[in-house]
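Trainee: sequence and predicted model, in that order:
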Amino acid sequence: MNEKRIYNFSAGPSQLPEAVLKKAQKQMLNYEGSGMSVMEMSHRSAIYDAILKETQDRLRRLMRIPENYKILFLQGGATMQFSAIPLNLLQKGKADYIISGYFAKKAYQEAKKYGEIHIAASSEGNDFSYIPKQEELLLSDDADYVYLCTNNTIYGTEYNYVPNTNGIAIVADMSSDILSREIDVTDYGLIFAGAQKNMGCAGLTVVIVREDLLGHVRKEAPVLLDYALQVEKDSMYNTPPTYAIYILDLVLEWLENLGGIAEIQKRNEAKAKLLYDCLDQSDFYSTSVCKKDRSNMNVTFRSPNAELDALFVKESSELGMCNLKGHRAVGGMRASIYNAMPREGVEELVAFMKDFEKRYKG
């Protein structure tokens, strides 16, 4: 059995910090002298309540979340929020969606079931190779909210600005770049993210919602999708994803120990620069992503042909760099370099890329 850990470039579930895994391993059978694992605890117990409160407090500190924003720990993945958002936020029945990738389009398709949903801009006609600019946005004056996805895992693009929506609340899917860079939470009415990329393990979705957006849920909405009820019950209307919340707490502790989001942003920018410099200096690899909209989380590229792409994925995997195959909708390669990916992993990938190019360049 191979006990050596790989460099996992998966888009999600993704690599976790080794320090987090080791602490979870140490506490697996006996958490803080309780004599049991966190996954065995009652979510109503005092010891678990302390974990929940600590996780909320850490997230609030790290992201500087104001008191008029509520933090929810939910289930159903980010995809469940595609339904929950229109069910909770559509008051006049209208919303604007900016379609910059696969998941923003999925969210738009779901929202259409519940109201008059307008496409404010879309980059689909250019294979989602760029983020629509402010001047491209055709925003409605009477929309209940404007929806966007800040980072596109499949195509490798990322917002580098916050749209001006003339005071209309922005709803942001930050599943793949939350905690990776500093943001001003007050720029958004609601932020949500599946945990399995930058926050922890699969099974948990975090929602950060401004208080004034609560209390407008449709009467036909499923009870678990009622944000106001979830706030009232402190995410415990039913059993929450207890172990995934605990892992999030460990990830947040790891981030605090590193120096917070400002520090991890510096590291992420440096890692991404290594990869993009390699791509820019090569006439063997190519990327279709608009340079100013490149993602620091998901770097997409390809070699001269599909056969070489497949060989690249095979050879890199044999060297312990796994999950570099691009999404089936795009092909090529994709290196997801979330917070937990160490610089050494990117350096090893770049060294392999240069060697592969040398060996197979025509």
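Mentor: Noted; the coordinates are in hand.
Trainee: mean confidence for stretch 213-220?
Mentor: Averaged over stretch 213-220, pLDDT sits at 95.
Trainee: how about that stretch: buried residues?
Mentor: 213-214, 217 (16 or more other Cβ atoms under 10 Å). Where C-beta positions appear, they are placed from N, C-alpha and C, glycine not excepted.
Trainee: which helix of this structure spans the most residues?
Mentor: helix 261-280 (DSSP state H).
Trainee: tell me which residues of that one are tucked away?
Mentor: When burial is assessed from 16+ other Cβ under 10 Å, helix 261-280 yields the following buried residues: 261, 264-265, 267-268, 271-272, 275-276, 278-279.
Trainee: okay, the residues you listed in CSV with pLDDT and distance to Ser14 next?
Mentor: Putting the buried residues of helix 261-280 into CSV (pLDDT from 0 to 100; distance: Cβ to Cβ, whole Å) gives the following:
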residue, pLDDT, distance to Ser14
Ile261, 98, 18
Ile264, 98, 14
Gln265, 98, 17
Arg267, 98, 15
Asn268, 98, 13
Lys271, 98, 14
Ala272, 98, 15
Leu275, 97, 16
Tyr276, 98, 20
Cys278, 97, 21
Leu279, 97, 21
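Trainee: just the closest of these to Ala50, please.
Mentor: Comparing the buried residues of helix 261-280 against Ala50 with Cβ to Cβ places Ile261 closest, at 24.1 Å.
Trainee: what's the nearest residue to the closest one if we skip its chain neighbours?
Mentor: Glu182 (5.2 Å; Cβ to Cβ, 6 or more residues apart in numbering).
Trainee: cool, and Leu248?
Mentor: That would be Gly200: by Cβ to Cβ, 6+ apart, it lies 4.3 Å from Leu248.
Trainee: now do the contacts for that neighbour.
Mentor: Taking Cβ atoms under 8 Å, 6 or more residues apart in numbering, we find Gly200 in contact with 16, 244, 247-248, 250-251.
Trainee: also Thr79?
Mentor: Contacts for Thr79 (Cβ under 8 Å, 6+ apart) come out as Lys106.
Trainee: repeat for the one 3 residues further on
Mentor: If you count contacts by Cβ under 8 Å, 6+ apart, Phe82 has them with 106-107, 110-111.
Trainee: quick one: which helix or strand includes Leu148?
Mentor: Per DSSP states H and E, Leu148 falls inside strand 146-149.
Trainee: show me what that strand is packed against.
Mentor: strand 94-99, helix 102-111, strand 170-173 (3 or more Cβ pairs under 8 Å, 6 or more residues apart in numbering; DSSP states H and E).
Trainee: how about those in a markdown table, adding mean pLDDT, mean neighbour count and distance to Asn296?
Mentor: Compiled in a markdown table, these are given as follows (pLDDT from 0 to 100; neighbours: other Cβ atoms under 10 Å; distance: least, Cβ to Cβ, whole Å):
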| stretch | mean pLDDT | mean neighbour count | distance to Asn296 |
| --- | --- | --- | --- |
| strand 94-99 | 98 | 24 | 20 |
| helix 102-111 | 97 | 20 | 18 |
| strand 170-173 | 98 | 26 | 16 |
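Trainee: to Asp187, which of those lies closest?
Mentor: Across those, closest to Asp187 is strand 170-173 (Cβ to Cβ), at 6.7 Å.
Trainee: note down every partner strand of the closest one and its orientation.
Mentor: strand 146-149 (parallel), strand 190-194 (parallel) (DSSP bridges).
Trainee: could I get the ones you listed as a markdown table with mean neighbour count and distance to Lys23?
Mentor: Compiled in a markdown table, these are given as follows (neighbours: other Cβ atoms under 10 Å; distance: least, Cβ to Cβ, whole Å):
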| stretch | mean neighbour count | distance to Lys23 |
| --- | --- | --- |
| strand 146-149 | 27 | 32 |
| strand 190-194 | 25 | 22 |
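Trainee: thank you kindly, that will do.
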